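Colleague: Model the structure of this input:
(6 chains)
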Protein chains: 6
Amino acid sequence: MSTSMTQLGVVKRNIARPDRAVVERLAAFGAATVHEAMGRVGLMKPYLRPIYAGGHVCGPAVTVLLHPGDNWMMHVVAEQIQPGDVVVAAVTADCTDGYFGDLLATSFQARGAMGLVIDGGVRDVKDLTAMQFPVWSKAISAKGTIKATIGSVNIAVVCAGAAVEPGDVIVADDDGVVVVPAALAGATADAAAQREASEAEKRRKLAAGVLGLDMYNMRGPLEKAGLKYID
Amino acid sequence: MSTSMTQLGVVKRNIARPDRAVVERLAAFGAATVHEAMGRVGLMKPYLRPIYAGGHVCGPAVTVLLHPGDNWMMHVVAEQIQPGDVVVAAVTADCTDGYFGDLLATSFQARGAMGLVIDGGVRDVKDLTAMQFPVWSKAISAKGTIKATIGSVNIAVVCAGAAVEPGDVIVADDDGVVVVPAALAGATADAAAQREASEAEKRRKLAAGVLGLDMYNMRGPLEKAGLKYID
Amino acid sequence: MSTSMTQLGVVKRNIARPDRAVVERLAAFGAATVHEAMGRVGLMKPYLRPIYAGGHVCGPAVTVLLHPGDNWMMHVVAEQIQPGDVVVAAVTADCTDGYFGDLLATSFQARGAMGLVIDGGVRDVKDLTAMQFPVWSKAISAKGTIKATIGSVNIAVVCAGAAVEPGDVIVADDDGVVVVPAALAGATADAAAQREASEAEKRRKLAAGVLGLDMYNMRGPLEKAGLKYID
Amino acid sequence: MSTSMTQLGVVKRNIARPDRAVVERLAAFGAATVHEAMGRVGLMKPYLRPIYAGGHVCGPAVTVLLHPGDNWMMHVVAEQIQPGDVVVAAVTADCTDGYFGDLLATSFQARGAMGLVIDGGVRDVKDLTAMQFPVWSKAISAKGTIKATIGSVNIAVVCAGAAVEPGDVIVADDDGVVVVPAALAGATADAAAQREASEAEKRRKLAAGVLGLDMYNMRGPLEKAGLKYID
Amino acid sequence: MSTSMTQLGVVKRNIARPDRAVVERLAAFGAATVHEAMGRVGLMKPYLRPIYAGGHVCGPAVTVLLHPGDNWMMHVVAEQIQPGDVVVAAVTADCTDGYFGDLLATSFQARGAMGLVIDGGVRDVKDLTAMQFPVWSKAISAKGTIKATIGSVNIAVVCAGAAVEPGDVIVADDDGVVVVPAALAGATADAAAQREASEAEKRRKLAAGVLGLDMYNMRGPLEKAGLKYID
Amino acid sequence: MSTSMTQLGVVKRNIARPDRAVVERLAAFGAATVHEAMGRVGLMKPYLRPIYAGGHVCGPAVTVLLHPGDNWMMHVVAEQIQPGDVVVAAVTADCTDGYFGDLLATSFQARGAMGLVIDGGVRDVKDLTAMQFPVWSKAISAKGTIKATIGSVNIAVVCAGAAVEPGDVIVADDDGVVVVPAALAGATADAAAQREASEAEKRRKLAAGVLGLDMYNMRGPLEKAGLKYID
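Modeller: Sure thing, here's the model as predicted:
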């Protein structure tokens, strides 16, 4: 095995974003509902956590691939942000360094970014909270990064275990981060709407003491599966 | 090694719950005090964390054994809940999936459950917080689960490293989750009360600047153990 | 949030495999060399470890997406294996269950599979070692799995942090697992060959005591970067 | 919350061990087979790993409960070992210290112990390997321990996530560690034997290229579950 | 390998603390700024987390070395606290036990301690929050500790991956914990002040939509590094 | 918080190495014995594991501080190696990248290095095993590193939780890695020799069935501590 090799970088400027109306429809739902509506795929690993509770974003992904300990490309991706976008930052190896802080957040926010999802660390979390700029990250770390190696912007990446194409819709809240492929955004919004439509009634019944066992007609299947009741 | 085998399930309907008065006495104490009063055993692993700060439950355990990625039995256990119970959910293998959300919480709350302790994941945490339904879990995950394999309800389980029998008293707060065997609940409440009785006085002394070294008469034992002071 | 939803499954029978000659050329190199030749991308997370030392596979990926605790699709993927293939198994959530053992290995080996890469657990490792059927997994676990939920075969998956398309070339050895997109297999083999060509000479020099500092002409750049020598 | 409290200890001398003939029958099977035969329960967490490959033990559990960083009770449990026993050591909190080394192993071996399962660390692993004294542990650590606090011997414990009663049968090999309740040892041996009986034939078929899909008649159920084949 | 050995302990009473004016200057900055000003060294591992958000301490370190599961020395270190100090507690092995709770916090606060940094667990976190006594810890655990083995006070320790000498300045906030060697405290405060001086202007520009690419003149270096823009 | 800052590097050429005779005396003992002889301090975290079993090194530390994903300084430290040295590589943040492979090992071996201890990843482990160049690392990873940022050589570092000064003696084997401060090397060798002297006799007794309870006269202290025997 030999040593270093140049990592060529590329920035894709024009990416297809899904129709705004579709994104707005999806924005009505939380990550758990959307994940179910997708058929239970597309979830990032649960080690990604919001830096503060209550944030909720839904927008097209602008992606960036970073190297461990190097946030140079965060400045490059900033230029590619359009209002409503969510930046998704992947790293080529596990790293908890603080790639992002209040200055970059000021820039991202000025460009119209709704939030950041990063498979690495962030810092200045008190400031980010005050700015109400939501971030989902795998660590909080005061450690800064260098600017030495180029990565890429708006290429397909894997972030926290999920594949993301630029323009995919990112839905993130306190429950986690879901990736909806652009082509499925409309159908997913439909499915999510259908799910929620029936929930108010279900919630009312359950609150009244009706059991899921009865509401979902589970007693038969459970008995068939062999469930035994004893005293 | 061969392949699949049916996992038979059982639901025990009648479990012995400790006397309500004893549970109420225990409810006056936090998890740390109860754990000390037990002789420092019975604590679940600290990776279980509350989904919001400030929750505090004390009640008899209703137990459920789940399979990875399958929450079918959560609907079965709902029927076995009596007012004041705490549901304890164990899983047969490590899994962070979101086994529990706002609909199940609505049902559990309607049945009178005080809270949930689960060695797995939960979702809809914003809703659960709004409902003030406390959950101690090892993960928050938007990922839903299937309903394919039966487990058991009200059998002895191991949850987050602690053995739990149905009817044992669960004490949980921001410091963690403690299991008090039903037979020891009264004695533990007594011991906890004794511990707390002496604490106000100790706290007052320490606040006044008295050192634990003197209050607990540690100087002699420390010297005997070989402790040396240098300048 | 509501409850369960059917996860539809699909099996793609005809996938494009790269030219056998290209695969054979790549097979001459280890994972580290190939990873460098790729420009340092495409590596699965290092938590994937071989169940025994010394295994080395290089072949087209046949992919399978599994659910936590469910290995039903492993039987489905077996039929899609062609001689020389490497099975890549992803799971929709973290799970260490033993999805694969000696019977499945017998079947895979009979179909001509070179090995298995799985983002989950395996068992019967003593038998697998005796059979010399190499597996890269994230856990070894005696825990078996059920056959209840369908997944998919030969779709794009994310396995241990790396995106894999069916037909991509998998190179795995004691250093880890690398994914080479089918379209880049030839160029990667070229780059790897170039790298290795210069290594024998470098190794000879280094063994003779020549320093990398001199061989790679690093002294100037290091001084320029500000490195100071003191006594 | 106040401070320390004496942890009282107890040593149970007479424990019921299962019939030796039953243990010998179970000893014919590996951990994965036994785990399946049990109905897929009773497995310790897969973070327990053997210190060397190829060890295989089957014997009644003698249990010991230790405190973090304190191995005093390892000397107490030594006296309770009878030939053929497997020592199971639990710790009241996560700790990787090296509780066990070559001197204790010499003593355990002299008493007839077959091996050790410990939810903590061990050391002198080179010597233990040379002695062929198998240990399943969660860490290898040179760090020694003190002898200051008493625990208990032959009480019910939770070790690596599994409940163990003294006298339960421990089956451990390269795939992990399974706990068979004494009362179920015979039935489990029967079930394991049944499983293995059919395996030779299955193995022969699979080696001949028959697919599990056909051998297990899975095509119908898969189609019914919605699996689609595409080209 | 043999068994136990006495761990002798020492308490250093007189340690050199940095000039109060220097500490006060450093106190104006957060952990991230100080870490950058130090040249990006001295950060404790990010697994240390504050028990509540918003705490910020800056003060000389009083150090204590503990054993796993033993907090005896916490009472010894209490006596060595001077107003404004930050206690830094290291443990000789990984341990999540709750070494510190409300009584010790009352004592520490009475002595003038600003906070605690501990490479272990704490408990009574609700009380500590109410007292506004900030703690950075690696776990929250109700598990108490014993008082059996002596450690040392005011010796050099390694805490969460960082070397700490007594008298070093500890800066901790929501972003983590940084150690500033006493001799570098003044220069670090200068460098931090310089950094912050230029930030208001940068923040204003970025908020106005100026890109970091332009503000930091990165376009040239990025092009030189090979970055390509495509459409 | 602002952005990047130059990390100045320094290489110390002349370090004090302990007397060779002392190192040779220490080399007779394993890591566990030496750690006990030191009074149970100075152990690196047990997540550091040898890449192959059976390696054993004892030699003065030559230290190097690396940045995440950057192995430039490994070439710098090579020049500072003297025959018999052990290289200790620390990283400023958690990183599993493969900093070291067969070419660097060839160079280190040519310079007389006995082995490498690295708080990061290595690759080419098959080659390193064939070369019998022992490495203790926290990961094995095919991922290569860049050469962009300078670190330092022969400064005090923290590696895997232990403080290391250049010239300290590193003792590493299958049980882990211990750091012996240069000034204590002689006394530690004496203490280790004393410990081992008594072990042959103890081992003989234990092998003959004598219990540690009797050999160490523990029965009295255990009874005094409250241990109770029951039937």
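Colleague: Identify, by residue count, the longest strand of chain A.
Modeller: For chain A, the strand with the greatest residue count under DSSP state E is strand A:57-66.
Colleague: helices or strands up against the helix or strand just after that strand?
Modeller: Proceeding N to C from strand A:57-66, the next assigned helix or strand is helix A:72-80, under DSSP states H and E. Helix A:72-80 is packed against strand A:57-66, strand A:86-91, helix A:102-111, strand A:152-153, helix E:212-215, with contacts defined by 3 or more CB pairs under 8 Å, 6 or more residues apart in numbering or on different chains; DSSP states H and E. For the C-beta atoms, the positions are set from N, CA and C on the backbone; glycine is no exception.
Colleague: so which of these gets nearest B:Val178?
Modeller: Distances from B:Val178 to each of those were compared using CB to CB; the shortest belongs to strand A:57-66, at 38.0 Å.
Colleague: I'd like the helices and strands packed on helix A:72-80 as TSV, with mean pLDDT appended.
Modeller: What follows is the helices and strands packed on helix A:72-80, written out as TSV (pLDDT from 0 to 100):
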stretch	mean pLDDT
strand A:57-66	98
strand A:86-91	97
helix A:102-111	98
strand A:152-153	96
helix E:212-215	97
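Colleague: could I have the lengthiest helix in chain A exported to CSV, CA atoms only?
Modeller: Selection of the longest helix in chain A by residue count, based on DSSP state H, yields helix A:185-197. Included here for helix A:185-197 are C-alpha records, laid out as CSV according to Å, rounded to 0.1, in the frame of the first residue of the first chain:
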residue,chain,number,x,y,z
ALA,A,185,-42.4,13.1,-2.8
GLY,A,186,-45.9,13.5,-4.1
ALA,A,187,-47.0,10.0,-3.5
THR,A,188,-45.5,10.1,-0.1
ALA,A,189,-47.4,13.2,0.8
ASP,A,190,-50.6,11.5,-0.4
ALA,A,191,-49.9,8.4,1.7
ALA,A,192,-49.0,10.5,4.7
ALA,A,193,-52.2,12.5,4.4
GLN,A,194,-54.2,9.3,4.2
ARG,A,195,-52.5,7.9,7.3
GLU,A,196,-53.2,11.1,9.3
ALA,A,197,-56.7,11.3,8.2
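Colleague: what comes up buried for it?
Modeller: Neighbour-count burial for helix A:185-197, with 16 or more other CB atoms under 10 Å in any protein chain shown as criterion, is recorded at A:Ala185, A:Gly186, A:Thr188, A:Ala189, A:Ala191, A:Ala192, A:Arg195, A:Glu196.
Colleague: One more: stretch A:27-42?
Modeller: Neighbour count says stretch A:27-42 has A:27, A:29-38, A:40-42 buried, by 16+ other CB under 10 Å.
Colleague: ok, now stretch A:149-161?
Modeller: Residues of stretch A:149-161 classed as buried under the neighbour-count rule (16+ other CB under 10 Å) are A:Thr149, A:Ile150, A:Gly151, A:Ser152, A:Val153, A:Asn154, A:Ile155, A:Val157, A:Val158, A:Cys159, A:Ala160, A:Gly161.
Colleague: Those residues into JSON lines, with extra columns for distance to C:Met218?
Modeller: What follows is these, written out as JSON lines (distance: CB to CB, whole Å):
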{"residue": "A:Thr149", "distance to C:Met218": "17"}
{"residue": "A:Ile150", "distance to C:Met218": "21"}
{"residue": "A:Gly151", "distance to C:Met218": "24"}
{"residue": "A:Ser152", "distance to C:Met218": "27"}
{"residue": "A:Val153", "distance to C:Met218": "30"}
{"residue": "A:Asn154", "distance to C:Met218": "34"}
{"residue": "A:Ile155", "distance to C:Met218": "31"}
{"residue": "A:Val157", "distance to C:Met218": "32"}
{"residue": "A:Val158", "distance to C:Met218": "33"}
{"residue": "A:Cys159", "distance to C:Met218": "34"}
{"residue": "A:Ala160", "distance to C:Met218": "36"}
{"residue": "A:Gly161", "distance to C:Met218": "37"}
